[in-house]
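Trainee: coordinates only, sequence not included:
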């Protein structure tokens, strides 16, 4: 069941001509459950202030379409949690930014180290390759690439904090989603995955974060593979599909909409046609917890504020004569968010290899998973099969 605000009505006390915000909040606290009625089925309620067993007050009955196993459940079974990067803040329980109510357990972070969801494939004795998703996406985007790399590598895909099944700390409660915090947390999680040298593959808007980390840890990196990274000055402006999440009020509203936060964000950037089973995985975080939307809202604001400067720093790093990491740029030419103009010139000037994929868009690993899997495997094995 999915209900949007336009098709629901609040259940309020009878005989209320006017009700103030303070009275409204008092009413919600006195009454254990505040419900929304579906116009399609008047007997079907959506619990806005649901108990922990159901959700966190913003969830749709636990975020499941039914009690049957879902694709999201199957994906979750393939992975595990690792704990990395210390939780900041005072340890106070996170409250939602709208009503100021304490959020349920599914929206609270660990008390010591953050929990990162990851899926691994291949022997741990093989060289590690870490697959890093873009914004907004999940480790699930690499589901077809993982097994392709597992023959000769230990492939790992993880969800960033705020995405997928990883912790989604609320801003001001241990993590504020600044790009610097992402750099610091990346160092923690990479060290958790491997003490040896690693290959990093990163897609999209998180590329500046990974390059910043790699700059300070070059001795740790074997290869760096960038999939449609923002490389030019024009790339410093978020597309409207993502920028909307940073807006005051509208951002808070739209970031709680699973279709806007997952489906539209993934399909508007290129030719990717999402299957319903895949859509159920991408929507799941936004259906089960309001914390996913609040995190999306926070990172969108950080990106809007910091992205231009981070791109400029990334360009300088990749063109610096002291940059020793073997770097490859893979570019889906049907990217609707990031223009190819200037990318080829940058790669020539910086002397980094450029590989183009004519049929792929921004989310290369979704559009052409087999092709990008072969390209990555070829780079890792030092065989140029392109």
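Mentor: Yep, that arrived. Note that this is a predicted model, so its numbers are computed, not measured.
Trainee: Just checking: what are the partner strands of the lengthiest strand in the chain?
Mentor: Counting by DSSP state E, the longest strand found in the chain is strand 113-121. Partner strands for strand 113-121, per DSSP bridges, with pairing direction: strand 80-86 (antiparallel), strand 154-158 (antiparallel).
Trainee: distance between the last one and the chain's centre?
Mentor: In this case it means strand 154-158. Offset of strand 154-158 from its chain centre (Cα atoms, centre = their mean, to the nearest Å): 16 Å.
Trainee: again, but for the longest one
Mentor: For strand 80-86, the separation from the chain centroid amounts to 16 Å (computed by Cα atoms, centre = their mean).
Trainee: what residues does that strand touch?
Mentor: Outside strand 80-86, the residues that touch it by Cβ atoms under 8 Å, 6 or more residues apart in numbering are 110, 112-120, 158, 161, 184-185, 188-189, 191-193. Every C-beta, even on glycine, is put in place using the N, C-alpha and C of the backbone.
Trainee: now with 7 Å?
Mentor: Strand 80-86 is contacted from outside by 110, 112, 113, 114, 115, 116, 117, 118, 185, 188, 189, 192, using Cβ atoms under 7 Å, 6 or more residues apart in numbering.
Trainee: Of the residues you listed, which is the most crowded?
Mentor: residue 116 (26 neighbours; other Cβ atoms under 10 Å).
Trainee: if I look at residue 205, how far off is residue 378?
Mentor: Look at residue 205 and residue 378: by Cβ to Cβ, to the nearest Å, they are 25 Å apart.
Trainee: List of residues touching the helix or strand in which residue 77 is found?
Mentor: With elements taken from DSSP states H and E, the one containing residue 77 is helix 71-78. Counting by Cβ under 7 Å, 6+ apart, helix 71-78 makes contact with 119, 140, 165, 277, 280, 281, 284, all of which sit outside it.
Trainee: What about those, which are in strands?
Mentor: residue 119.
Trainee: Endpoints of stretch 337-354, how far apart?
Mentor: End-to-end distance for stretch 337-354, by Cα to Cα, to the nearest Å: 19 Å.
Trainee: cool, and stretch 128-140?
Mentor: 18 Å.
Trainee: Next: stretch 160-178.
Mentor: First-to-last residue span, stretch 160-178, Cα to Cα: 13 Å.
Trainee: now the helices for the stretch 251-386 of the chain?
Mentor: Per DSSP state H, counting those that start in this stretch, the stretch 251-386 of the chain carries helices over the ranges 258, 265-267, 276-288, 290-319, 343-350, 364-367, 369-380.
Trainee: ok, now the stretch 51-200 of the chain?
Mentor: Going by DSSP H, counting those that start in this stretch, the stretch 51-200 of the chain shows helices at 71-78, 146-149, 179-193.
Trainee: Which of the ones you listed sits closest to residue 273?
Mentor: helix 71-78 (16.2 Å; Cβ to Cβ).
Trainee: Figure out how far the closest one is from the centre of its chain.
Mentor: 17 Å.
Trainee: and the closest residue to residue 113 other than its chain neighbours, how many neighbours does it have?
Mentor: Once flanking residues are discounted, residue 113 sits nearest to residue 83: 3.9 Å by Cβ to Cβ, 6 or more residues apart in numbering. By other Cβ under 10 Å, 16 other residues sit near residue 83.
Trainee: Ok, the one 4 residues further on next?
Mentor: A count of neighbours around residue 87, defined by other Cβ under 10 Å, yields 18.
Trainee: Relative to residue 310, how far out is it?
Mentor: Computed as Cβ to Cβ, the residue 87 to residue 310 distance reads 24 Å.
Trainee: returning to what we had before: the more surrounded of residue 205 and residue 378?
Mentor: Just comparing residue 205 and residue 378: by other Cβ under 10 Å the higher neighbour count belongs to residue 205, 27 against 15.
Trainee: need the contact list for the closest residue to residue 268 other than its chain neighbours.
Mentor: Using Cβ to Cβ, 6+ apart and skipping residues adjacent in sequence, the residue nearest residue 268 is residue 241, 4.9 Å away. Residue 241 makes contact with 264, 265, 268 under the criterion Cβ under 7 Å, 6+ apart.
Trainee: Next: residue 272.
Mentor: 266, 361, 363, 366, 367.
Trainee: cool, and residue 215?
Mentor: Residue 215 touches residue 317, counting by Cβ under 7 Å, 6+ apart.
Trainee: pLDDT at it, what is it?
Mentor: On pLDDT, residue 215 comes in at 97.
Trainee: roughly how far apart are it and residue 379?
Mentor: Look at residue 215 and residue 379: by Cβ to Cβ, they are 20 Å apart.
Trainee: same check, this time on residue 70
Mentor: For residue 70 relative to residue 379 (Cβ to Cβ), the value is 35 Å.
Trainee: Who has more neighbours out of the two?
Mentor: residue 379 (24 against 17).
Trainee: so the more buried one touches residue 223, yeah?
Mentor: Yes - contact criterion Cβ atoms under 7 Å: residue 379 and residue 223 qualify, at 6.1 Å.
Trainee: shared neighbours, those two?
Mentor: Going by Cβ under 7 Å, 6+ apart, no residue sits against residue 379 while also sitting against residue 223.
Trainee: picking up where we left off before, who is the residue nearest to residue 113 paired with across the strands?
Mentor: residue 115.
Trainee: ok, and what's touching stretch 175-185?
Mentor: 85, 88, 161-162, 169, 171, 208-209, 212-213, 295, 298-299, 302, 306, 310.
Trainee: wait, doesn't residue 200 sit right on residue 222?
Mentor: No - in this structure residue 200 lies outside contact range of residue 222 using Cβ under 7 Å: 8.6 Å.
Trainee: Comparing the two, which residue is more hemmed in?
Mentor: Neighbour count, other Cβ under 10 Å: between residue 200 and residue 222, residue 200 has more, with 25 against 16.
Trainee: how much space between that one and residue 245?
Mentor: Residue 200 is 26 Å from residue 245, by Cβ to Cβ.
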